[in-house]
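[1] Here is a sequence with its predicted model. Questions after.
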Amino acid sequence: MIVIKPIKAINTIAIRHEVMWPNKPQAYVVLPNDNEGLHFGLFLNQTLVSVVSLFTEENTLQFRKFATLQAHQGKGYGSQLLTHVFEYANKKHYKKIWCNARKDKTTFYERFGLKETSETFVKGGITYVIMTRNF
C-alpha cells in the first residue's frame, strides 16, 4: 500500500544522503532552513522510500532534495510523490514552482511541465539547471 504524508525534516536525511550524496558526510544533505520547510514522504507498505522538501517564498514554491531509494527507482513512486507536490501547489494557489535539477534528470521533470531556464551552476562536480513552471 502506498501512502504519501507529511514527515519531519529529520526523516528525510537518510534517504537524501544515500541517494544524492553518499560519498559526502551526512551533514552535507541537511539544509539550513530544513525546519522551516514542509516535507513529504512516500511510504510503501509503511517503509519510507521517497522524500521531498518544500520551501515557500511569497507565491512561489521550491521543491528540493527530492530523492527515491535506488531499489525503488523506475517504479513510479517518485512520480507519484512529485504529482502530490504539484497538486499541493495548485491547491494552495502558488503562482510558480521551481527546482534545481541535475542536468541529467531534466527529461524527468519536463514530464511535469517544468521548463529549463538559462540559469545553471555546478555543485560537487555536478551541473544543475533551474527549472520552473507557472500555474
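    All right, it came through fine.

[2] from the chain's centre, how far out does stretch 66-80 sit?
    Averaging C-alpha positions (CA atoms, centre = their mean, to the nearest Å) puts stretch 66-80 11 Å from its chain's average.

[3] Repeat that for stretch 87-99.
    Using CA atoms, centre = their mean, the offset of stretch 87-99 from its chain centre is 13 Å.

[4] elements contacting the strand or helix carrying C99?
    In the assignment (DSSP states H and E), C99 maps to strand 96-102. The contact analysis (3 or more CB pairs under 8 Å, 6 or more residues apart in numbering; DSSP states H and E) places strand 96-102 against strand 60-68, helix 77-91, strand 126-134. Backbone N, C-alpha and C define where each C-beta goes, glycine included.

[5] Would you mind saying which of those lies nearest I7?
    The closest of the helices and strands packed on strand 96-102 to I7 is helix 77-91. By CB to CB, the value is 11.3 Å.

[6] Name the surrounding residues that touch the closest one.
    The contact list for helix 77-91, computed with CB atoms under 8 Å, 6 or more residues apart in numbering, reads 2, 4, 40-42, 44, 49-52, 54, 61, 63, 66, 68, 97, 108, 111-112, 135.
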